[in-house]
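Chemist: Could you work out the structure for the sequence below:
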Amino acid sequence: MQKKQSKRYRAALAATKPDALYSAAEAVAQLAKFQAAKFDETVEIYANLAVDPKQSDQMVRGTVSLPHGSGKKIRVLVFTDNAKAALDAGADFAGLNDIIDKINGGWLDFDVAVSTTPAMKEVRKVARVLGPRGLMPNPKSGTVSDDIPKTIQEVKAGRIEFKMDKTGNVAIVVGKRSFAQAQLVENLGAALNALVKAQPSAVKGKFIKSLTLSSTMSPGVKLDTKPYVAVAE
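Modeler: This next block holds a predicted model:
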């Protein structure tokens, strides 16, 4: 059964032009016109990509450092033999075998997991738990590092990891509704540029089929993809 749309959502939907394509600044301005919810909604960009998700050489993943952060307090776990140094550097949780035992016991109260290179041998023991949840440290996303203090700082400052799902779509958080419009525009630009740079070499021609900006409780606002096609070329 289809979920009933709220009065706020229907009003916002009526205020959008179904076939209109907006620039980044126009899309953010349009989003600001919608009535906000009683909580600080998360703003995300959704991209539908011209890729074949079944092909391993067309996998899309990457990271972006948002200029103004994501607006979310990030709880960072570090897999390391030197837990004290990681905690002193700002990690919320740190350890190795003790942490692995907690994870196997069902504990997952963190947002990003980082690992030193030597620790990855042990971390692979919980790959089946962390992998499906997008929490497994990975060198390609910068979460396997030998400079733990720098990595913790980058993650907490607003470094976001993104990964394509099984249907060829990518969602990237770009901030909160409470952000100034200029901040959202800059974060959005950084996210889209990072997405364009993540285009696999096996994918030729048009990479981004469609882009939609929305907040947690709002309808989507469609963006013009042309500026980002130009960047890719």
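Chemist: contacts and neighbour counts: CA atoms only from here.
Modeler: Noted.
Chemist: Report the mean confidence score over the longest helix seen in the chain.
Modeler: Ranked by residue count under DSSP state H, the longest helix found in the chain is helix 181-197. The average pLDDT for helix 181-197 rounds to 95.
Chemist: Please compute how far it lies from its chain's middle.
Modeler: 12 Å (Cα atoms, centre = their mean, to the nearest Å).
Chemist: what's next to that helix, contact-wise?
Modeler: 24-25, 28-29, 32, 45, 62-69, 172, 174-176, 207, 228-229, 231-232 (Cα atoms under 8 Å, 6 or more residues apart in numbering).
Chemist: try 7 Å this time
Modeler: 24-25, 28-29, 63-64, 66-68, 174-175, 228, 232 (Cα atoms under 7 Å, 6 or more residues apart in numbering).
Chemist: Please indicate which of the residues you listed has the highest neighbour count?
Modeler: residue 174 (32 neighbours; other Cα atoms under 10 Å).
Chemist: what helix or strand is that residue on?
Modeler: Assigned by DSSP states H and E, residue 174 belongs to strand 169-176.
Chemist: partner strands of that strand, parallel or antiparallel?
Modeler: Partner strands and pairing direction for strand 169-176 (DSSP bridges) are strand 42-49 (antiparallel).
Chemist: Return the distance of the strand it pairs with from the chain's centre.
Modeler: 9 Å.
Chemist: Ok, stretch 197-208 next?
Modeler: So, by Cα atoms, centre = their mean, the centroid of stretch 197-208 is 19 Å from its chain's centroid.
Chemist: what about it, start to end distance?
Modeler: 12 Å (Cα to Cα, to the nearest Å).
Chemist: cool, stretch 56-75 as well?
Modeler: Using Cα to Cα, first and last residues of stretch 56-75 are 30 Å apart.
Chemist: Show me what stretch 134-144 is in contact with.
Modeler: 62-63, 112-117, 127, 130, 161.
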